[in-house]
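[1] no sequence for this one, just the structure:
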């Protein structure tokens, strides 16, 4: 059994990727469809099925509205995280440039 807590928006999840890559794993069980991947679940399901494997979702969403709301929430969350990450990176870069300029001015 492999446990990994992560968002389906994040495509850099080592344990989940290892399960997908390991042909000896015949069945992958996930709690919610969006924990596997937020988008393209049917692609993964189809590819696994092609190789005689399956992915099973334990808690199916009650309605398609629930799925859509979850998708919208994850998209907004992902964009906010990227935006704040870009801002943080810009501030870090600006601080480093100021430090380098200050060091150069001293020399």
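    Structure's in. What do you need? Keep in mind that this is a model prediction, so the values were computed, not measured.
[2] nearest residue to residue 53 other than its sequence neighbours?
    residue 26 (5.4 Å; Cβ to Cβ, 6 or more residues apart in numbering). Where C-beta positions appear, they are placed from N, C-alpha and C, glycine not excepted.
[3] for the one you found, give me its contacts.
    52, 53, 54 (Cβ atoms under 8 Å, 6 or more residues apart in numbering).
[4] give me the pLDDT value at the first one.
    It refers to residue 52. Looking at residue 52, its pLDDT reads 97.
[5] which residue, neighbours along the chain excluded, lies closest to it?
    residue 26 (7.2 Å).
[6] repeat for the last one
    Closest residue to residue 54 apart from its sequence neighbours, by Cβ to Cβ, 6+ apart: residue 27 at 5.2 Å.
[7] what's the burial count for that neighbour?
    10 (other Cβ atoms under 10 Å).
[8] likewise residue 47?
    12.
[9] separation between it and residue 38?
    Note on residue 47: its distance to residue 38, by Cβ to Cβ, to the nearest Å, is 17 Å.
[10] sec struct for residue 59, please.
    Under DSSP: H, G, I helix; E, B strand; the rest coil, residue 59 falls in the coil class.
[11] that one: neighbouring residues, count only.
    10.
[12] that one and residue 35 touch, don't they?
    No. Applying Cβ atoms under 8 Å, one finds residue 59 not in contact with residue 35, separated by 9.3 Å.
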